[in-house]
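[1] sequence and predicted structure, then a few things I'm wondering about:
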Amino acid sequence: MARTRQNEHVRVELLNQGVAMFMEQGYHGTGIQEVVNKVGIPKGSFYNYFKSKEDFGSKAIIHYSDQFKEFLNSILAISKVDTLKALNQFFDNLTKLFDDKDCRDGCLIGNFAAEISDSSNLGRNTMSNCLGEWKDILKEIMIRGQEKKVIREDISADELADFLLNFLEGSLLRMKIESNTNSLKQMKKIFLNYALKK
């Protein structure tokens, strides 16, 4: 049993390091040797946890996505009581997060989309599945807002969730280019004041 816990700890450490290094250096700029050096295991041991770098990249995407889903689910919980407050917190928390990071990193999925979508079916499918899970949570928030009559009903919750997700990914790319969070602030203003109202 202790062996299993130890293995899981190492696997999580590899994923944490992978996400951090992929964010900073990109997929192609990050080597497996660098990752295992950070974790302090031999390179051969890496393959006890992941079949290949491509498999590792895919699992890193899922690991990153699971963390973002925790954030989205916290917003979903707030939306049960006050949908607009939840959406305000969604935008404000993201803006603060990236202000605190000096507008670095962006979104791992957005970063990988430009780098590996054409070369890795596994990576592309994993990213698509993760974005689908994020959209489902955002859609539920939109449904709650429509039920409370605080969000427009002439556009489907599905389309509003898609729009917000697309808006978010584009805003994060612009943020990285311009090294400020103006695009995130604009996203909040336009989405809350125009997109959600008739």
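    All right, it came through fine.
[2] ok, which stretches of the chain are strands?
    When assigned using DSSP state E, the chain turns out to have no strands.
[3] low-confidence ranges in it?
    1-6 (pLDDT under 70).
[4] got the residue ranges for the helices in it?
    Counting by DSSP state H, the chain has these helices, from start to end: 2-25, 32-39, 43-46, 53-79, 83-100, 108-116, 121-147, 157-178, 182-190.
[5] packing partners of the third one?
    Here helix 43-46 touches helix 32-39, going by 3 or more Cβ pairs under 8 Å, 6 or more residues apart in numbering; DSSP states H and E. Glycine gets a C-beta too; all of them are placed from N, C-alpha and C.
[6] dump the helix it packs on to CSV, restricted to CA.
    Output of helix 32-39 as CSV, limited to C-alpha atoms (Å, rounded to 0.1, in the frame of the first residue of the first chain):
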residue,chain,number,x,y,z
ILE,A,32,11.9,14.6,-20.2
GLN,A,33,15.4,14.7,-18.7
GLU,A,34,14.7,18.2,-17.3
VAL,A,35,11.5,17.1,-15.7
VAL,A,36,12.9,14.0,-14.0
ASN,A,37,15.9,16.0,-12.8
LYS,A,38,13.5,18.4,-11.1
VAL,A,39,11.6,15.5,-9.4
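[7] list the buried ones in that helix?
    Within helix 32-39, the residues scored as buried using 16 or more other Cβ atoms under 10 Å are 32, 35, 36, 39.
[8] same check on stretch 15-34?
    For stretch 15-34, by 16+ other Cβ under 10 Å, it's 15, 16, 17, 18, 19, 20, 21, 22, 23, 27, 30, 32.
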